[in-house]
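Student: Pasted the sequence and its predicted model underneath.
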Amino acid sequence: MKKKWYYILLVPGLVIILFFLIMPLINTIFPTFMVKGSLSLEQYSRFFKDKYFMQIFHRTFKIALISSFICMILGVPVSYFISRSSKKLRGLLMACTVFPMLTNSVVRAFAWMNILGKNGLINKILMEFNIIDKPYKLLYTESAIVIGSVYLFLPLMIVSMVGVMENIDNDLLEAAESLGANRLKAFFKVVFPLSIPGLIVGTILVFTGTLTAYTTPQLLGGNSNMVLSTLIYQKTMSLGDWNEAAVVSTVMILTTLLVIGIINKLASRLNERGV
Amino acid sequence: MKGVCNMRKNKFLLIFSILVYIFLFAPLIIIGITAFGGESYIAFPPKSFSVKWFANIFSSETFMNTLKTSMEISLIATIAALILGVPAAYALSRFNFKGKTILKNFFFSPVIVPGIVVGFSLFQFMIIKLKLPIYTSLLIGHTIIIIPYIIRVIGSSLEGFDYAIEEAAMSLGAGKVETFFKVVFPNITSGVIAAFMLAFINSFNNVPVSIFLTGPGISTLPISMMSYVEYNYDPTVSALSVLLMIMTIIVMFIVEKTLGLSYFLK
């Protein structure tokens, strides 16, 4: 029997994470469940009764939902295209997908400020062709956040899906087609069901990513379109209200966990039905 | 093979994919073009050519200072995360023990918790409670958030490693540490390089943790870019974006040469 000396290798990392992640989180979350020294959910009932908070909560949720949906619609066909293309092309397309992922999120949000802004590309084109006579407000809207979020997270969706679709055997498709299924039918009956695990991972990443992203809503949404993350920052730094920031943080974590749970549950139910 | 041929004929998928990649790249290309504009505001297409915005970066004290801070923080944090992460990834790959999955998830927790929440609670804990200096807090914060990348990349490059070689070395009298450095490490150097690059760029690009851990005179480049674009509308940030995109390309090139970009598909 070997001695468990290898624990020593794990300890430094564990201690650092425990001390500088878990402890700070407990330090943040725990007081939100306390009112005057006793356990209470009062701070949360206050949060969920507050109209302003609820508006922000709904907006954040809505943006995450729409963005995930668009990422699915755009991501599935592209992933299918990539997974069935030649090795060389696949490598190139993967590089093109990873590049935006590794590019700074400030750069990526800034790119859309240039396009959607009052003097941005879209307004300029529309004015040039006399379609509109004064700039249309595109930036600092919820739609701008949705566009920015899709832009931010679509590569993640593609990467998650290609990883799964790539492993689907071409023979399966051929079999389906030789049995008379047309390409579209073969896709929906063979490829799509097999790629659901990738779709789930991708959706979870996009949804939770959008729900918690800071840079994009800050730069593209502005102050009139606050979301949970910008609210946490504003509460902390501008208003010094750490307690409420902590409540919002906890709500954010719980929402994220809940959504992951729901998506996984939905997925397993889909599997049971044999879709 | 037939599937591949069919694919070529499928015009819808081809056009759809081209449009999606235009969506992904056009905004970045526009930035690249506006960076070379001669106008004092962001113009597309620019009417004159100039490299003055690049010169502007180097004469801006804020950008040069925050660039230096970002470089230092990312470099030190990455090295610290490697020192903490490589042994852990090795142990998680090499040994089977009870609670291994839980432990693995524990090491991934810094990316599971929303970044903005990590930033906020580190601010409360390190700056307010422990009264740590901002620079130290930034360093610790960045180390924490990139440990998962190290664990993941090193773990994946250890996947194919045959530990029988290690046992052979030990049975020939090599010590554990010696074996690790002479037998295991040489086999994962490409993984270590890739892990270094990915951890570095993720630290460098970070916003939600950095934004809480900045203070008088100390800030990172992305944060200073963010506050700049909120109040200015000139191509300085476009020029900076071009430099950052070049950095991304270098990172990608090194990752492709070491780990392979197919790593992202795992």
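Tutor: Thanks, I have the structure now. Numbers count the residues shown, from 1 in each chain, chains lettered A, B, ... in the order given.
Student: Next up, the contacts around the closest residue to chain A within the stretch 151-266 of chain B.
Tutor: Closest approach of the stretch 151-266 of chain B to chain A (CB to the nearest CB) occurs at residue B:265, with a separation of 3.8 Å. Bear in mind the C-beta positions are built from the backbone N, C-alpha and C, glycine included. Neighbour list for residue B:265: A:94, A:159, A:162, A:163, A:166 [criterion: CB atoms under 8 Å, 6 or more residues apart in numbering or on different chains].
Student: 6 Å - rerun?
Tutor: Contacts for residue B:265 (CB atoms under 6 Å, 6 or more residues apart in numbering or on different chains) come out as A:162, A:163.
Student: Local confidence estimate at it?
Tutor: The model reports residue B:265 with a pLDDT of 83.
Student: Tell me the first helix or strand C-terminal of the lengthiest helix in chain B.
Tutor: Taking DSSP state H as the criterion, chain B has its longest helix at helix B:61-94. Sequence-wise, the next helix or strand downstream of helix B:61-94 (DSSP states H and E) is helix B:100-112.
Student: And the pLDDT for residue 205?
Tutor: The chain I'm using is chain A. 95.
Student: I was after chain B.
Tutor: In this prediction, residue B:205 carries a pLDDT score of 97.
Student: nearest spatial neighbour of it, skipping sequence neighbours?
Tutor: Excluding the flanking residues, the one nearest residue B:205 by CB to CB, 6 or more residues apart in numbering or on different chains is residue A:104, at 4.6 Å.
Student: quick one: contacts for residue B:213?
Tutor: The contact partners of residue B:213, taken as CB under 6 Å, 6+ apart, are B:137, B:138, B:141.
Student: how much space between the second one and residue A:17?
Tutor: When CB to CB, to the nearest Å is applied, the distance between residue B:138 and residue A:17 equals 17 Å.
Student: Please apply the same query to the last one.
Tutor: Spatial separation of residue B:141 from residue A:17 under the definition CB to CB is 12 Å.
Student: Now do the strands in the stretch 1-150 of chain A.
Tutor: A:34-35, A:38-39 (DSSP state E, counting those that start in this stretch).
Student: so where do the helices sit in the stretch 1-150 of chain A?
Tutor: In the stretch 1-150 of chain A, the helices defined using DSSP state H, counting those that start in this stretch lie at A:7-17, A:23-29, A:42-49, A:51-84, A:87-102, A:105-116, A:121-128, A:142-165.
Student: Of all those, which one comes closest to residue A:238?
Tutor: Residue A:238 sits nearest to helix A:51-84 of all these, at 14.9 Å, using CB to CB.
Student: And for residue A:75, the neighbour number?
Tutor: For residue A:75, the tally of surrounding residues (other CB atoms under 10 Å in any protein chain shown) stands at 29.
Student: give me every residue that touches it.
Tutor: A:157, A:158, A:161.
Student: tell me which parts of the stretch 1-150 of chain A are close to chain B?
Tutor: Proximity of the stretch 1-150 of chain A to chain B (CB under 6 Å from any CB of the partner chain) is limited to residues A:6, A:9-10, A:12-13, A:16, A:20-21, A:24-25, A:27-28, A:74, A:77-78, A:81, A:84, A:94-96, A:98, A:100, A:102-104, A:106-107, A:110-111, A:114, A:121.
Student: sorry, back to before: turn the strands of the stretch 1-150 of chain A into CSV, including mean pLDDT and mean neighbour count.
Tutor: CSV is the format used below for these (pLDDT from 0 to 100; neighbours: other CB atoms under 10 Å in any protein chain shown):
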stretch, mean pLDDT, mean neighbour count
strand A:34-35, 88, 12
strand A:38-39, 89, 8
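Student: who wins for proximity to residue B:63 among these?
Tutor: Smallest distance to residue B:63 across the strands of the stretch 1-150 of chain A (CB to CB): 43.7 Å, for strand A:34-35.
Student: Who does that closest one pair with, and is each partner parallel or antiparallel?
Tutor: Paired strands of strand A:34-35, with direction, are strand A:38-39 (antiparallel) (DSSP bridges).
Student: The partner strand: how far from the chain's middle?
Tutor: What separates the centre of strand A:38-39 from the centre of its chain is 34 Å, taken as CA atoms, centre = their mean, to the nearest Å.
Student: quick one: contacts of that strand?
Tutor: Strand A:38-39 has contacts (CB under 6 Å, 6+ apart) with residue A:33.
Student: Same check on stretch A:10-18?
Tutor: Here stretch A:10-18 has contacts from B:84, B:88, B:91, using CB under 6 Å, 6+ apart.
Student: if we go to 10 Å?
Tutor: Residues from elsewhere that reach stretch A:10-18 (CB atoms under 10 Å, 6 or more residues apart in numbering or on different chains): A:7, A:22-23, B:80-81, B:83-92, B:95, B:97, B:100, B:103, B:106-110, B:140, B:143-144, B:147-148, B:150-151.
Student: Pull out the buried residues from it.
Tutor: A:10, A:13, A:14, A:16, A:17 (16 or more other CB atoms under 10 Å in any protein chain shown).
Student: CSV for these, including pLDDT?
Tutor: Formatted as CSV, these follow (pLDDT from 0 to 100):
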residue, pLDDT
A:10, 93
A:13, 95
A:14, 95
A:16, 97
A:17, 97
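Student: Between those, which sits nearest chain B?
Tutor: residue A:13 (4.2 Å).
Student: what residues are up against the nearest residue to residue A:77 once chain neighbours are set aside?
Tutor: Spatial nearest neighbour of residue A:77, excluding adjacent residues (CB to CB, 6+ apart): residue B:16 at 5.0 Å. Contact analysis of residue B:16 by CB under 10 Å, 6+ apart lists A:74, A:77, A:78, A:80, A:81, B:10.
Student: which of the contacts of residue A:75 lies closest to residue A:45?
Tutor: Looking across the contacts of residue A:75 and measuring by CB to CB, the closest to residue A:45 is residue A:157, at 36.1 Å.
Student: mind checking how far that closest one is from residue A:202?
Tutor: Going from residue A:157 to residue A:202 by CB to CB gives 4 Å.
Student: overlap in contacts of those two?
Tutor: With CB under 10 Å, 6+ apart as the test, residue A:157 and residue A:202 both reach A:68, A:71, A:72, A:75, A:76, A:79.
Student: so where's the chain uncertain?
Tutor: I'll assume chain A. A:1-4, A:271-275 (pLDDT under 70).
Student: Actually, chain B is the one I wanted.
Tutor: In chain B (pLDDT under 70), the answer is B:1-9.
Student: Okay, domains of it per the record?
Tutor: B:2-34, B:60-265 (automatic domain parsing).
Student: picking up where we left off before, what angle do the helix or strand the residue nearest to residue A:77 falls within and helix A:87-102 make?
Tutor: Assigned by DSSP H and E, residue B:16 falls within helix B:11-34. Angular relation of helix B:11-34 and helix A:87-102 on a 0 to 180 degree scale: 50 degrees, by axes from the mean of the first three to the mean of the last three CA atoms, to 10 degrees.
Student: circling back to that earlier point, for ChimeraX, write the selection for the buried entries among the residues of the stretch 1-150 of chain A next to chain B.
Tutor: ChimeraX command restricting the residues of the stretch 1-150 of chain A next to chain B to the buried ones, with burial defined by 16+ other CB under 10 Å:
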select /A:6,9,10,13,16,20,21,24,25,27,28,74,77,78,81,84,94,95,98,100,102,103,104,106,107,110,111,114,121
